[in-house]
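J.: Generate coordinates for the sequence data below:
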Amino acid sequence: MRSPGQRGRPEVRRTTVALPARLLDAADRAVRAGKARSRADLLSRALQRELGAQRRKEIDAAFLEMANDPDYQAEALLMAEEATVAGWEALQLGERNDAKR
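T.: Residues are numbered from 1 along each chain as shown. Take a look at the predicted model:
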């Protein structure tokens, strides 16, 4: 969600997070080494990667479910067959048009 007057910039909310000391120390070293602009930047990017990975796992699980669903497989096969026929018809039509030129 975007705040009014801040085009292109996401809304930011402050929060407090308790982290193990060694993890916070490692984050500070990464910031000092220029690998992140700030602790917040590092944490934000890490959260984005983790949440993205979780979302990809959800999508993979849905695809796995479809792979094991006989109704879905039958529909997918029918769609593939129809696409093959349509592709063949388009190719033949194109060849006929080329031959007329």
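J.: quick one, helices of the protein?
T.: Assigned by DSSP state H, the helices in the chain fall at 21-32, 39-67, 70-100.
J.: so can I have JSON lines of the ones you listed showing distance to residue 8 and mean pLDDT?
T.: In short, each C-beta sits where N, CA and C put it, glycine included. Output for these, formatted as JSON lines (distance: least, Cβ to Cβ, whole Å; pLDDT from 0 to 100):
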{"stretch": "helix 21-32", "distance to residue 8": "24", "mean pLDDT": "97"}
{"stretch": "helix 39-67", "distance to residue 8": "16", "mean pLDDT": "95"}
{"stretch": "helix 70-100", "distance to residue 8": "40", "mean pLDDT": "82"}
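J.: quick one, which of those is nearest to residue 15?
T.: Distance to residue 15, taken as Cβ to Cβ, is lowest for helix 39-67 among the helices of the chain, at 9.7 Å.
J.: For that closest one, enumerate the helices and strands it packs against.
T.: Contacts defined by 3 or more Cβ pairs under 8 Å, 6 or more residues apart in numbering; DSSP states H and E place helix 39-67 against helix 21-32, helix 70-100.
J.: between those helices, which one is nearest to residue 61?
T.: Comparing the helices and strands packed on helix 39-67 by their distance to residue 61 (Cβ to Cβ), the top pick is helix 70-100, with 14.2 Å.
J.: pretty sure residue 38 contacts residue 28?
T.: No - counting by Cβ atoms under 8 Å, residue 28 is not a contact partner of residue 38; they are 10.1 Å apart.
J.: quick one, which of the two is more surrounded?
T.: residue 28 (13 against 10; other Cβ atoms under 10 Å).
J.: contacting residues around the more buried one?
T.: Contacts for residue 28 (Cβ atoms under 8 Å, 6 or more residues apart in numbering) come out as residue 39.
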